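Chemist: Take this sequence and fold it.
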Amino acid sequence: MSKILIIEDDPQISRLVMLDLIHEGYEAECSADGREGLEKAQLNDYDLIILDVMLPSLNGMEVLRRLRTAKNTPVIMLTARDQTIDKVMGLDMGADDYMTKPFAIEELFARIRTILKRQSIHEADTSSEDEKRLGKLVINLNKHAVTYDNKVIELTRKEYDLLLYLVENKNKVLTRDQILDEVWGYNFYGETNVVDVYIRYLRSKIDYKFGTQYIQTLRGTGYILKDE
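Modeler: Numbering: from 1, shown residues only. Below is the predicted model of the structure:
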């Protein structure tokens, strides 16, 4: 049974989500305060956290930032804002998904299922394989660490997920929609520019920094990651 923490200060939303999660067979609990929610998240092992941005005592972005220094628990952010820059900021800080209020509970559950399924597949993969290599580029699956020629590359959670997906599908042409579906778990409803943003992040930290040409653009199609 998956255990989910809801950090949301709106009692109506948090109670509705909690009761529906329990009805669907999940174990769920709530916190209405950012600082209290962070403490729960740090002290307990949750399979997923639903995190509101606007919270008393500690906002959701700060909760996420502090959480990511110690744990990789999947996080779905909730916010009343609906701008790409806000979504990119949350994802860049390590969120796995992003939903704008008001939302349909069915869509939230679909995204929860997608993240938990992806997490279980990833854990199964890492149990039989410790790392993935592409030339001098090494991804340590157990530590979520990336190096090039033994030099550490600092990546956010979403940058890491994107790089891992590219490496797992090396020498294959991947469209922006494919990348969105597999890395973010759902479509941004046309906002595919978020893929371009994260590709630029990876290029700046790998290709441009080390003089490689791993990630190549196919105009009008998408991207391909090739052996060095």
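Chemist: Roughly how far does Leu38 sit from Tyr46?
Modeler: Separation of Leu38 from Tyr46 (C-beta to C-beta, to the nearest Å) stands at 12 Å. Placement of C-beta: from N, CA and C, glycine included.
Chemist: any idea which helix or strand of this structure has the worst average confidence?
Modeler: Among the helical and strand segments of the chain, the one scoring lowest on mean pLDDT, DSSP states H and E is helix 84-92, with a mean of 72.
Chemist: Compare Leu38 and Tyr46 and say which one has the larger neighbour count.
Modeler: Shown here are Leu38 and Tyr46; by other C-beta atoms under 10 Å, Leu38 has more neighbours (24 against 20).
Chemist: Name the nearest residue to the most centrally placed residue in the chain, sequence neighbours excluded.
Modeler: In the chain, the C-alpha nearest the mean C-alpha coordinate belongs to Asp96, at 2.4 Å (C-alpha atoms, centre = their mean). Counting by C-beta to C-beta, 6 or more residues apart in numbering, Asp96 lies nearest to Pro74, which is 4.6 Å off, once chain neighbours are set aside.
Chemist: For the one you found, the count of nearby residues, please.
Modeler: Pro74 is surrounded by 21 other residues when neighbours are defined as other C-beta under 10 Å.
Chemist: Surely it touches Gln119?
Modeler: Yes. The pair formed by Pro74 and Gln119 meets the contact definition of C-beta atoms under 8 Å, at 6.0 Å.
Chemist: Between those two, which contacts overlap?
Modeler: Residues within reach of Pro74 and of Gln119 at once, by C-beta atoms under 8 Å, 6 or more residues apart in numbering, are Asp47.
Chemist: What is the burial count for Ile76?
Modeler: What Ile76 shows, counting by other C-beta under 10 Å, is a neighbour count of 21.
Chemist: would it count as being in a strand?
Modeler: Yes. With the criterion set as DSSP: H, G, I helix; E, B strand; the rest coil, the secondary structure at Ile76 is a strand.
Chemist: So what sits opposite it in the bridge?
Modeler: On the basis of DSSP bridges, Ile76 takes part in beta bridges with Ile50, Asp97.
Chemist: Outline the domain layout of the protein.
Modeler: Following the assignment in automatic domain parsing, the chain carries domains at 3-123, 129-225.
Chemist: what about the first one, distance to the chain center?
Modeler: Which is domain 3-123. For domain 3-123, the gap between its own C-alpha mean and the chain's C-alpha mean amounts to 11 Å (C-alpha atoms, centre = their mean, to the nearest Å).
Chemist: Asp20 and Asn59: what is the separation?
Modeler: Between Asp20 and Asn59 the computed distance is 25 Å (C-beta to C-beta).
Chemist: all helices for the chain, in order.
Modeler: Remark: helices of the chain, listed N- to C-terminal, are 11-23, 34-43, 60-68, 84-92, 105-128, 157-168, 176-179, 193-205, 207-210; assignment by DSSP state H.
Chemist: Lovely, talk soon.
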